[in-house]
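**Student:** I'd like to go over a predicted model; first the sequence, then the structure.
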Amino acid sequence: QVQLVESGGGLVQAGGSLRLSCAASGRTFSTYAMGWFRQAPGKEREFVAVISWSGSRTDYADSVKGRFTISRDNAKNTVYLQMNSLKPEDTAVYYCAAGVSPNTVVRGGGNYWGQGTQVTVSS
């Protein structure tokens, strides 16, 4: 069993930065691929970024490539999402997810999900 708790969301102006964190409980964190998703009001949840259990593989949605960076610290059971050059269209609730493989996570098949953290980007 893995429990995920996101933090770091908030209100930021366009062009600004935020770093989201997702803290995981459980000793099996390092065996899971981790991902970030987001859901804006009235829209479906969408994939943002994923990282393999070792950190050797990362993938991003085209909309965030070059602006967002996913990383993880297995010693701290935490995955991060550094978000730079934020745009109003990045406004959403951001969720982290844990899955058995990066491909599984990308397809939305995470085994565990957090409750989300709100990110609001003002223009």
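**Tutor:** Okay, I see it.
**Student:** just checking, which helix or strand of this structure averages the lowest pLDDT?
**Tutor:** Of the helices and strands making up the chain, the lowest-confidence element is helix 102-106, at a mean of 92, by mean pLDDT, DSSP states H and E.
**Student:** what pairs with the helix or strand hosting residue 21, parallel or antiparallel?
**Tutor:** Here residue 21 is covered by strand 18-24, with elements defined by DSSP states H and E. Sheet pairing here is set by DSSP bridges, and for strand 18-24 it gives strand 4-7 (antiparallel), strand 78-83 (antiparallel).
**Student:** hang on, the earlier thing: ok, residues contacting the least confident helix or strand of the chain?
**Tutor:** 33-35, 47, 50-52, 57, 59, 97-99, 110 (Cβ atoms under 8 Å, 6 or more residues apart in numbering). Yep, even glycine has a C-beta here, placed from its N, CA and C like the rest.
**Student:** can you say which of those residues are buried?
**Tutor:** 33-35, 47, 50-52, 59, 97-99, 110 (16 or more other Cβ atoms under 10 Å).
**Student:** state the distance from residue 31 to residue 19.
**Tutor:** Note on residue 31: its distance to residue 19, by Cβ to Cβ, to the nearest Å, is 24 Å.
**Student:** so who does the residue positioned nearest the centre of the chain touch?
**Tutor:** Nearest to the mean C-alpha position of the chain, counting by Cα atoms, centre = their mean, stands residue 36 at 2.4 Å. Under the criterion of Cβ under 8 Å, 6+ apart, the neighbours of residue 36 are 20, 22, 48-50, 70, 79, 81, 94-97.
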